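S.K.: quick one, fold the following:
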Amino acid sequence: MIQVFIFKLSLAWKTLFYKQKRFLAALFAISFAVFLMFLQQGFQNALLNSNVEFIQNLNTDLIIASRRRYVSYIEHTFKKNRLYQARGFKGVEAAYPLYITMGIWKSNQGIKERAIRVFAFNPADSVFLLPAVQESASELQLPDTLLADKKASKVYGLMEKGIVAELSGRSVRVIGMFELGTDFVAEGNLIISDQNFLRIFSEQPSGFEGTLRSSLNEVDLGLIKAEQGIDIDSLAKVLNQSLPPDVVVLSKQNFIQQEIKHWNQTTPVGFVFAVGTFIGFVVGIVVVYNIIYTDISENLPQYATLKAMGHSTSYLLSIVLLESTIISIFGFLPGLWLSVLIYELIAKTTGLLMQMTSNVITMVLSLTFIMCILAGLLSTKKLQNIDPAELYGQKI
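M.R.: Predicted coordinates:
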């Protein structure tokens, strides 16, 4: 059995490699299709992962939001007393407010004003998991101080510790840096104390809707820490049943999934990247089909000879499928290598979370294999109908 397989594999390899230039051109085309699929999946995952990165870095088990705030950037707040009410439930260890808005950043280097996302919290509360935020909590309590995103877009100019700039018309000083990165809502992020948030935005319009944040009683997201050993889903259920209907309580992971679902299903961006992946898949099928079909046409007498020797049609088909498998493997590897390089370049230049994960590799490898096998099957119609007597009779 092993010897038969080795013979088939050897025959498939020699058939493909007999015309080296065509084989190399085929590998180039397959690699391009693989690269295209990797690129589309990378951007789609970057879109999803980048937009939930700040949620991943919140020190919370449950999140309270206005029932009308079905995604984090929608500007609907709820009353802070809902957090006080939540603290009274058994199993709740702490409940903290988080404020989110869009401010206007003006560098002192003459660069044009740009919108930037601002997170605000009480530095006495353990709100962020980011080490840099925890280390700078005491300094954040000083007036007109903030932390800047090290991975923010370069459109904001130089952003480093010690610089002085303007945030929505108020002079501020950067006292430290943290790493979060850009997403499709904002090209950069700032973290300030709740008191500085009130100082800056109580008199200056902020956010997409240009509202005044005149009070800390209007909370964007509430963060709830559960006591150790408490079932998070059960606690969320109790809070949803007991708190007034103007708010909803979700586990951190459910809130993240809701955010991902929004971007993936209700915006055109996810659809565009899915179409791009499909185009790469179709391109690969067309290329492999042409290669295998040409190979079968040129080697029809050899296939007829094998059939005349007593080999079945399924035997011949297995050789073709091995050719497809060889093409898929040798075409996948260069595409993967190129994609890793491009992922790193995009992540470095844009701040997006372009990550080559095992799930992405497995998905694209599976699509590549299916693409090549499907193309191989489509190209074997002539092989299935081969008749040695008829073929050699025509030659005579």
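S.K.: not counting its neighbours along the chain, what's nearest residue 203?
M.R.: Distance criterion Cβ to Cβ, 6 or more residues apart in numbering; nearest residue to residue 203, sequence neighbours excluded, is residue 212 at 7.1 Å. In this view, the C-beta of every residue, glycine as well, is placed from N, C-alpha and C.
S.K.: what sits against that neighbour?
M.R.: With contact taken as Cβ atoms under 8 Å, 6 or more residues apart in numbering, residue 212 is in contact with 201-206.
S.K.: show me which of those residues is closest to residue 151.
M.R.: residue 206 (22.4 Å; Cβ to Cβ).
S.K.: for the residue nearest to residue 203, give its distance to residue 116.
M.R.: Using Cβ to Cβ, to the nearest Å, one obtains 18 Å as the distance from residue 212 to residue 116.
S.K.: quick one: secondary structure of the one residue sitting closest to the centre of the chain?
M.R.: The geometric centre of the chain, computed from its C-alpha atoms, lies nearest to residue 45 (Cα atoms, centre = their mean), at 1.4 Å. At residue 45, secondary structure determined by DSSP: H, G, I helix; E, B strand; the rest coil is helix.
S.K.: mind checking how far the residue nearest to residue 203 is from residue 66?
M.R.: From residue 212 across to residue 66, the span is 18 Å (Cβ to Cβ).
S.K.: residue 54 looks like it's in a strand, true?
M.R.: No: with the criterion set as three-state DSSP, the secondary structure at residue 54 is helix rather than a strand.
S.K.: can you list the strands that the longest strand along the chain pairs with?
M.R.: Of all the segments of type strand in the chain, defined by DSSP state E, the longest one is strand 92-106. With DSSP bridges as the criterion, the sheet partners recorded for strand 92-106 are strand 114-121 (antiparallel), strand 164-167 (antiparallel), strand 221-226 (antiparallel).
S.K.: quick one: which of those is nearest residue 252?
M.R.: Judging those by Cβ to Cβ, what sits closest to residue 252 is strand 221-226, at 8.8 Å.
S.K.: tell me how far the closest one is from the chain's mean position?
M.R.: Chain-centre distance of strand 221-226: 25 Å, with Cα atoms, centre = their mean, to the nearest Å.
S.K.: tell me the angle of the next helix or strand after that strand relative to strand 92-106?
M.R.: Using DSSP states H and E, the next helix or strand after strand 221-226 towards the C-terminus is helix 232-242. Using axes from the mean of the first three to the mean of the last three Cα atoms, to 10 degrees, the inter-axis angle of helix 232-242 relative to strand 92-106 is 80 degrees.
S.K.: pull out the buried positions in helix 232-242.
M.R.: Within helix 232-242, the residues that qualify as buried are 232, 235-236, 238-239, counting by 16 or more other Cβ atoms under 10 Å.
S.K.: let me know the closest of those residues to residue 343.
M.R.: Looking at the buried residues of helix 232-242 and their distance to residue 343, the nearest is residue 232, at 33.3 Å (Cβ to Cβ).
S.K.: tell me the pLDDT at the residue nearest to residue 203?
M.R.: Note on residue 212: pLDDT of 85.
S.K.: state the distance from it to residue 283.
M.R.: Relative to residue 283, residue 212 is positioned 52 Å away (Cβ to Cβ).
S.K.: residue 344 too?
M.R.: Separation of residue 344 from residue 283 (Cβ to Cβ): 24 Å.
S.K.: between these two, which is the more surrounded one?
M.R.: A count of neighbours by other Cβ atoms under 10 Å puts residue 283 above the other of residue 344 and residue 283, at 18 against 13.
S.K.: right, and the more buried one touches residue 34 too?
M.R.: No: with contact taken as Cβ atoms under 8 Å, residue 283 and residue 34 are classed as non-touching, separated by 10.0 Å.
S.K.: show me how far the helix or strand containing residue 148 is from its chain's centre.
M.R.: In this structure, residue 148 is located in strand 145-149 according to DSSP H and E. Put simply, strand 145-149 sits 26 Å off its chain's centre (Cα atoms, centre = their mean).
S.K.: quick check: angle from that strand to strand 114-121?
M.R.: Using the same axes, to 10 degrees, the inter-axis angle of strand 145-149 relative to strand 114-121 is 120 degrees.
S.K.: and for strand 145-149, what's in contact with it?
M.R.: Outside strand 145-149, the residues within contact range by Cβ under 8 Å, 6+ apart are 132-133, 136, 139-140, 159-160, 167, 172-181, 188-193, 196.
S.K.: let's see it at 6 Å
M.R.: Taking Cβ atoms under 6 Å, 6 or more residues apart in numbering as the criterion, the residues outside strand 145-149 that touch it are 136, 159, 172-178, 180, 188-192.
S.K.: for stretch 197-206, same thing?
M.R.: Contacts to stretch 197-206, defined as Cβ under 6 Å, 6+ apart, come from residues 99, 101, 103, 120, 167-170, 213-214, 216.
S.K.: go with 10 Å
M.R.: When contacts are taken as Cβ atoms under 10 Å, 6 or more residues apart in numbering, the neighbours of stretch 197-206 outside the stretch itself are 75, 99-104, 115, 118-122, 143-144, 146, 166-170, 172, 192-193, 207, 210-216.
S.K.: any idea how far apart the tips of it sit?
M.R.: Start-to-end span of stretch 197-206 (Cα to Cα, to the nearest Å) is 11 Å.
S.K.: would you mark the buried spots in that stretch?
M.R.: Within stretch 197-206, the residues scored as buried using 16+ other Cβ under 10 Å are 197-201, 204, 206.
S.K.: before we move on, back to that, from the chain's centroid, how far away is the longest strand of the chain?
M.R.: Using Cα atoms, centre = their mean, the offset of strand 92-106 from its chain centre is 24 Å.
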